[in-house]
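**Student:** Quick one, structure for this:
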Amino acid sequence: MYKHLQERYAPRPPVNVSSLMKMKADGEKIAAITAYDSSFATLVDDAGIDLVLVGDSLGMVIQGHDTTVPVTLQDIIYHCRAVAKGLYRPFLMADMPFMTYASREQALENAVRLMQEGGAKMVKLEGGGSQVEIVEFLAGHDIAVCAHLGLKPQSVHKVGGFRVQGREEAAAEQMTRDAVALQDAGADIVLLECIPAPLGAAITRELRVPVIGIGAGPDTDGQILVLYDVLDITAGRKPKFSKNFLAGHDSALEAVKAYTQAVKSREYPAPEHCF
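**Tutor:** Okay, the predicted model is just below:
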């Protein structure tokens, strides 16, 4: 009974929204990573990861698609449920797949499924200012939300490929306004993908909520990478921001520990990983 009270005073208490906010306030970098099954979930937990994302990136690294668009809600629920069984300390976040949050009611129904059936504690959705109403509606129902800005893989066909976003001054200003609006609507985290490092730093300074970056420079509050990139088992061309942390280590656990330490010590990302 009251397991949450026992966990609060454990040597490794589970990460939650409040502790992520405290990490930002204290200047402690947040180490985040993707995972898609229970075995890897246990491993990244043991490695000291703070936040785990069950991402629709599974469409590319698990299912073999060219984009994340074919991933279904049921796919995410299945993998999220498996990951949840392997986690204790990290905070668990799940992607809302393509076109599963086109309206407030649809977003709420699907977010509830990700939490009740998948075990997620936060949902992540892509979009700029157009998603403010959705974020506000979910937050109004006490659902923790991460807003995803910059390169939005679900929109890859619309934007013409996997390209760095926010290079032009007008686009950078709009992204900053969108980030503030999403925060003010109730987003608990903002994730920035593939944007110039100075813009990542500027948005991080502007927001009171934690900012997690992937290809967004070294000055965001935390970093996230796809687990398969960390272990250098992603087939084909690797993103500029990725790094093989398995090099020089004799196990996957040591590789993820090295990634965690590199984020915490600010050694990663280095200049060669930034735009």
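
**Student:** in what helix or strand does the most centrally placed residue in the chain lie?
**Tutor:** Closest residue to the average C-alpha location of the chain: L53 at 5.3 Å, with C-alpha atoms, centre = their mean. Assigned by DSSP states H and E, L53 belongs to strand 51-54.

**Student:** quick check, distance from the helix or strand just after that strand to the centre of its chain.
**Tutor:** Sequence-wise, the next helix or strand downstream of strand 51-54 (DSSP H and E) is helix 58-61. Put simply, helix 58-61 sits 15 Å off its chain's centre (C-alpha atoms, centre = their mean, to the nearest Å).

**Student:** next structured bit after helix 58-61?
**Tutor:** Next element after helix 58-61 (DSSP H and E): helix 73-86.

**Student:** by contact count, what packs against that next one?
**Tutor:** Packing partners of helix 73-86 (3 or more C-beta pairs under 8 Å, 6 or more residues apart in numbering; DSSP states H and E): helix 38-46, strand 51-54, helix 58-61, strand 91-95, helix 104-116. C-beta coordinates here come from the backbone N, C-alpha and C atoms, glycine included.

**Student:** Show me what the strand holding L53 is packed against.
**Tutor:** Counting by 3+ C-beta pairs under 8 Å, 6+ apart, strand 51-54 packs on strand 30-34, helix 38-46, helix 73-86, strand 91-95, strand 222-225.

**Student:** List of residues touching the lengthiest helix in the chain?
**Tutor:** If you go by DSSP state H, the chain has its longest helix at helix 169-185. Residues outside helix 169-185 that contact it (C-beta atoms under 8 Å, 6 or more residues apart in numbering): 128-129, 131-133, 135-136, 139, 147, 149-150, 165-166, 190, 192, 195-196, 199, 202-203, 206-209, 211.

**Student:** Can you say which of the residues you listed are buried?
**Tutor:** Buried members of the contacts of helix 169-185, counted by 16 or more other C-beta atoms under 10 Å: 128-129, 131-132, 135-136, 139, 147, 149-150, 165-166, 190, 192, 195-196, 199, 202-203, 207, 209, 211.

**Student:** Contacts only, for G55.
**Tutor:** So G55 contacts 34, 68, 95, 124, 226 (C-beta under 8 Å, 6+ apart).

**Student:** any idea how far the third one is from L125?
**Tutor:** The one in question is D95. 8 Å (C-beta to C-beta, to the nearest Å).

**Student:** From the neighbour counts alone, determine which of the two ranks first.
**Tutor:** D95 (31 against 24; other C-beta atoms under 10 Å).

**Student:** Quick check: beta-bridge partners of the more buried one?
**Tutor:** K124 (DSSP bridges).

**Student:** OK, contacts around the nearest residue to I143 once chain neighbours are set aside?
**Tutor:** Counting by C-beta to C-beta, 6 or more residues apart in numbering, A111 is the residue found nearest to I143 once chain neighbours are left out, at 5.2 Å. By C-beta under 8 Å, 6+ apart, A111 lies in contact with 96, 101, 123, 138, 143.

**Student:** Wait, a strand at the last one?
**Tutor:** Spelled out, it's I143. No - counting by DSSP: H, G, I helix; E, B strand; the rest coil, I143 falls outside a strand, being coil.

**Student:** need the contacts of G55 in TSV with distance to M115, can you?
**Tutor:** TSV is the format used below for the contacts of G55 (distance: C-beta to C-beta, whole Å):
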residue	distance to M115
T34	18
T68	21
D95	13
K124	13
V226	23
